[in-house]
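Colleague: pasting a predicted model and its sequence here:
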Amino acid sequence: MDKWHSIADQKIREAMEEGAFRNLRGQGRPLKLERNPFEPPELHMAHAVLEAAGMSPAWMQERKDLDACVDRAIERLRLAARGPRWDAAAEDFRRTAAELNRRILTYNLSVPSGGFQRMQVDAEFEIRRLMKPASGP
């Protein structure tokens, strides 16, 4: 990979020295990056209409909602780590994580590409991470 990078860098330097990048259209002005280059052309119009109306595709809203629900569930577990109801809170978190993971599976099937998918909640990892430390001697 480094060989290819050095060849590409060399070609770019040569082009710059030859003036290939001088007097380009829009030089000195900010780039217009409103359009997603990875957006499928057939969805561009639909996304433009949604954006103009101040809305977003349903899968984007679902992602925000999922993220908020996961954050709230982890926060409830974190708060319980300081109290006497840890075992009940951990079991409640396992149930909540299972429900969220079902939603995440459905969400992952609805997104336009794999790059937008969300990882599932690893309940046991979160429980171990937040487990109330045992009191010392």
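Modeller: On my side now, so go ahead. Note that the structure is a prediction, hence the values are computed from the model and not measured.
Colleague: tally of neighbours for Arg102?
Modeller: 11 (other Cβ atoms under 10 Å). All C-beta spots, glycine's among them, are computed from the backbone N, C-alpha and C.
Colleague: tell me which element it falls in.
Modeller: Assigned by DSSP states H and E, Arg102 falls within helix 86-110.
Colleague: list the helices and strands that helix packs on?
Modeller: helix 58-80, helix 123-130 (3 or more Cβ pairs under 8 Å, 6 or more residues apart in numbering; DSSP states H and E).
Colleague: put the alpha carbons of the last one into PDB.
Modeller: Read that as helix 123-130. Below are the C-alpha coordinates for helix 123-130, written out as PDB (Å, rounded to 0.1, in the frame of the first residue of the first chain):
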ATOM      1  CA  ALA A 123     -25.400  -6.500  27.500                       C
ATOM      2  CA  GLU A 124     -22.900  -8.700  29.300                       C
ATOM      3  CA  PHE A 125     -20.000  -6.400  28.400                       C
ATOM      4  CA  GLU A 126     -21.900  -3.300  29.700                       C
ATOM      5  CA  ILE A 127     -22.800  -5.100  32.900                       C
ATOM      6  CA  ARG A 128     -19.200  -6.200  33.500                       C
ATOM      7  CA  ARG A 129     -18.000  -2.700  32.700                       C
ATOM      8  CA  LEU A 130     -20.400  -1.100  35.200                       C
END
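Colleague: pLDDT (mean, whole number) over that helix?
Modeller: Looking at helix 123-130 alone, the average pLDDT works out to 92.
Colleague: now the angle from it to helix 58-80?
Modeller: If you take axes from the mean of the first three to the mean of the last three Cα atoms, to 10 degrees, helix 123-130 sits at 40 degrees to helix 58-80.
Colleague: please report how far Ala123 lies from Thr106.
Modeller: 18 Å (Cβ to Cβ, to the nearest Å).
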